[in-house]
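Student: Below is the structure, and that's it, no one-letter string:
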Ligand code: MG
Ligand code: MG
């Protein structure tokens, strides 16, 4: 069952999402050759708690850390380690926060120093597919419309769309109905309703869509060891249209990147200004 949110609940969810957005922005400035996932994890936990929130993933289903840190061929659910990142790595960081009873949950794939052009392209196309999917999250559409938009864009570039892991509804629970797959057919699946909030999160592989799991019971890797990318936003359906609750603008601020990619999804006068 889909839990539609009231206007007040959506504003609380925006604050939960922004706790995560600020945390990813703080991490963006730290992600350089030599830093480790465990160091990032400690920084993130402190920063989330300083904002009056709790880490959303810590202890969830038994996960041992605040962040999912998934470098290179790791797709998602990587456990932070003391292995330093090196020049040319890409690192997917997924972060959750719980504040006022609501979850924020989003992710960004960071470049460590200079990254190979074909890997940068994978990140770019995956992020483009996220916004193409978000554009389809509107009244009259269904889960399959978002899924189709993401799949078409990524497969059009020859990439593999992970099947086994999907986006989801978001709210008082980290994972609510409906499931939001990144592959599917137009016009199929659950109908979108006003006030629903979802996490849309393409997980896209440079090569095969097939994945495997490490013996740690968490880490998901590509079956062919080629790189993978993961970008995730939290989006509310407001006045029939998608409205972003999360933002990458703190990341872009830290990295000195100018971007207008989120502008069309900020219709609400209540939406916060950029940092
Ligand atoms: Mg996530
Ligand atoms: Mg998620």
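Tutor: It's in. Because the structure is predicted, anything quoted here is derived from the model rather than measured. Ligands and ions are numbered 1, 2, ... in the order given.

Student: all strands for the stretch 1-150 of the chain, in order.
Tutor: Counting by DSSP state E, counting those that start in this stretch, the stretch 1-150 of the chain has these strands, from start to end: 54-55, 67-71, 74-76, 90-99, 102-111.

Student: Please report how far residue 25 lies from residue 83.
Tutor: With distances taken as CB to CB, to the nearest Å, residue 25 is found 24 Å from residue 83. Every residue, glycine included, has its C-beta placed from N, CA and C.

Student: which one of those two has more residues nearby?
Tutor: Taking neighbours as other CB atoms under 10 Å, residue 25 and residue 83 compare with residue 25 leading, 22 against 11.

Student: My read is that that one contacts residue 250, right?
Tutor: Yes: counting by CB atoms under 8 Å, residue 25 touches residue 250, with 2.4 Å between them.

Student: Show me which residues of the protein sit near ligand 2.
Tutor: 105, 199 (CB under 5 Å from the ion).

Student: Which helix runs longest in the chain?
Tutor: Looking across the chain with DSSP state H, the single longest helix is helix 7-28.

Student: so who does the residue nearest the centre of the chain touch?
Tutor: Nearest residue to the geometric centre of the chain (CA atoms, centre = their mean): residue 232, 1.9 Å. Residue 232 makes contact with 94, 105, 106, 107, 108, 130, 167, 199, 200, 201, 246, according to CB atoms under 8 Å, 6 or more residues apart in numbering.

Student: same deal with residue 6?
Tutor: Residue 6 neighbours (CB under 8 Å, 6+ apart): residue 195.

Student: could you redo the last one with a cut-off of 10 Å?
Tutor: 12, 195 (CB atoms under 10 Å, 6 or more residues apart in numbering).

Student: okay, it: pLDDT?
Tutor: On pLDDT, residue 6 comes in at 98.

Student: And it, how far from ligand 1?
Tutor: 24 Å (CB to the ion, to the nearest Å).

Student: Ok, residue 250 next?
Tutor: Taking CB to the ion, one finds residue 250 at 16 Å from ligand 1.

Student: Same check on residue 157?
Tutor: For residue 157, the distance to ligand 1 - CB to the ion - is 23 Å.
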